[in-house]
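> Next come a sequence and a model predicted from it.
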Amino acid sequence: MKETLLAVLKSNRGSYVSGEELSRRLGVSRTAVWKHVKALRAEGYGIESSPRLGYRLVAATDLLLPAEILDGLLSARLGRRVVYLDDTVSTNRVARELAAAGEPEGTLVLAETQTGGRGRLGRNWSSPAGGIWLSLILRPELPPHRLQLLTLTAAVAAAEACEDTAGVSPGIKWPNDLLCAGRKLAGILTEGAAEADRLDYLVLGVGVNANLQEEDFPTELRGQATSLLLESGQRVDRAAWVRKFLLSLEGYLPAKEVVREEWRRRAVTLGKRVTVKMTGRTVEGTALDLDETGALLVRTENGVEAVLAGDVTLKSDIKEE
Ligand code: BT5
């Protein structure tokens, strides 16, 4: 009912629709229409009312409500079901629990804030209001050794969404960072469960600093982190960002070859001197390319090494001859 009311108001955006017409189209009393208008206002929709003219929608909500994501969503499979949470510990955690209980591919979990947002290796991810904190359930038919490609695919799709909706073109630092002039704009955390050599599910967690001001970041991140708002000077339509991300990602799945080309085009790591910290050891050398599994190829003193997981620090801007 509320959704239908919203759809009618949206299709007449800016103009009044009389209470009488709304009650006729919805098949409910005018008092019931008024109750739903109040509920929509509580969700952040700007709806003006006039005793003579009726109701009109003047401002969309700022929240990432399912109705906002679904309105204009062009992807066929991804994001068709949205689990929306005002506040949660971590959307990845919720998505993992849902996936383990049999939730199908494509379900999207979104939260306005996270109290225990996670980065890789148990690190924290700061998730104040105004960002985009999402997790997507995938059930890809990919051999486990090619899973890294999905993180890279998500990074490319996220970069495209930033370009499309905010005019911001981030670079990608292997494997999962979206950067603007060295500051972190977004990160990706891929988690999965496998049985033997078959993958049961994969949860793709994406965190984007969308409409965050410098003071929204904890002090230790200021100067290191950036947001779409800080980069473009404008607030981004977060729902449009999510829709574009889902559409781009769907187009690249299951990790098509073209992803590696798109990734290379945005890479800030290739051709640079890097230090890669892995569990237990560190590799130094020049980042050469990605291999077909998404591993980073690094030329070291001992030859070329394929790095599957690790933290990259760029040593300098010296290009490889
Ligand atoms: C990442 O880890 O970059 C993965 C971040 C994934 C977050 C999403 S949000 C939705 C979903 N639910 C979750 O619980 N997680 C996912 P990593 O490469 O380990 O980077 C973590 C490091 O980035 C931290 O140690 C901080 O230094 C820095 N950091 C933390 N919060 C940040 C933020 N909001 N913006 C920029 N940098 C941040």
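Okay, I see it.

> residues in contact with Gly116?
Gly116 is in contact with 89-90, 93, 124, counting by C-beta atoms under 8 Å, 6 or more residues apart in numbering. Placement of C-beta: from N, CA and C, glycine included.

> again with Ser135
Ser135 touches 91-92, 94-95, 108-109, 203-206, counting by C-beta under 8 Å, 6+ apart.

> Swap in 6 Å and give it another go.
By C-beta atoms under 6 Å, 6 or more residues apart in numbering, the residues touching Ser135 are 91-92, 95, 109, 203, 205.

> which of these lies closest to the ligand?
Checking those against the ligand by C-beta to the nearest ligand atom gives Gly205 as the nearest, at 2.9 Å.

> ok, the closest residue to the ligand within the stretch 151-300 of the chain to Val208 distance?
The stretch 151-300 of the chain approaches the ligand most closely through Gly187 (2.0 Å), counting by C-beta to the nearest ligand atom. Separation of Gly187 from Val208 (C-beta to C-beta, to the nearest Å): 9 Å.

> more neighbours, those two?
Taking other C-beta atoms under 10 Å, Gly187 and Val208 do not tie; Val208 has more neighbours (27 against 23).

> The residue most central in space within the chain bridge partners, please.
By C-alpha atoms, centre = their mean, the chain has its centre lying nearest to Val206, at 4.2 Å. Beta-bridge partners for Val206, by DSSP bridges, are Leu134, Ile188.

> so who does it touch?
Val206 neighbours (C-beta under 6 Å, 6+ apart): 134, 158, 188.

> So which residues on the stretch 151-300 of the chain come close to the ligand?
176, 184, 187-189, 205-207, 209, 221, 225 (C-beta under 6 Å from any ligand atom).

> what are the ranges of the helices in the stretch 151-300 of the chain?
228-232, 238-252, 258-266 (DSSP state H, counting those that start in this stretch).

> which helices and strands sit right next to the last one?
Contact here means 3 or more C-beta pairs under 6 Å, 6 or more residues apart in numbering; DSSP states H and E; on that basis helix 258-266 packs against helix 148-166.

> Can you give me the buried ones in the helix it packs on?
For helix 148-166, the neighbour count (16 or more other C-beta atoms under 10 Å) marks 148-162, 164-166 as buried.

> Can you spell out which helices and strands pack onto it?
Judged by 3+ C-beta pairs under 6 Å, 6+ apart, helix 148-166 is in contact with strand 183-195, helix 238-252, helix 258-266.

> I'd like the distance from the last one to the chain centre, please.
In this view, helix 258-266 has its centroid 19 Å away from the chain centroid, taken as C-alpha atoms, centre = their mean, to the nearest Å.

> Just the closest of the contacts of Val206 to Thr286, please.
For those, the residue nearest Thr286 by C-beta to C-beta is Ile188; the value is 24.3 Å.

> Asp177 is in contact with the closest one, correct?
No: using C-beta atoms under 6 Å, Ile188 is not in contact with Asp177; the gap is 8.1 Å.

> More neighbours: which of the two?
Set Ile188 next to Asp177 and count neighbours by other C-beta under 10 Å: Ile188 wins out with 24 against 20.

> now the more buried one: how far from Leu134?
10 Å.

> Gly122 too?
Plainly put, Gly122 is 20 Å away from Leu134 if you go by C-beta to C-beta.

> Among those two, which residue is more densely surrounded?
Using other C-beta under 10 Å, the more surrounded residue of Gly122 and Leu134 is Leu134, with 26 against 6.

> Looks like that one contacts Leu110 (just checking).
Yes: using C-beta under 6 Å as the test, Leu134 is close enough to Leu110 to be in contact (5.0 Å).

> dump the residue contacts of the closest residue to Phe217 other than its chain neighbours.
In space, and not counting its chain neighbours, Phe217 is closest to Ala225: 5.2 Å by C-beta to C-beta, 6 or more residues apart in numbering. Going by C-beta under 6 Å, 6+ apart, Ala225 touches 183-184, 217.

> Relative to Ala159, how far out is Ala225?
Separation of Ala225 from Ala159 (C-beta to C-beta) stands at 17 Å.

> just to revisit the earlier point, JSON lines please, covering the contacts of Val206 and showing pLDDT.
Converted to JSON lines, the contacts of Val206 look like this (pLDDT from 0 to 100):
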{"residue": "Leu134", "pLDDT": "98"}
{"residue": "Ala158", "pLDDT": "98"}
{"residue": "Ile188", "pLDDT": "96"}
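
> what about Leu57, how many neighbours?
Leu57 has 23 nearby residues by other C-beta under 10 Å.

> The one 10 residues further on too?
Ala67 has 20 neighbouring residues, counting by other C-beta under 10 Å.

> If anything else comes up later, I'll come back, but that's it for now.
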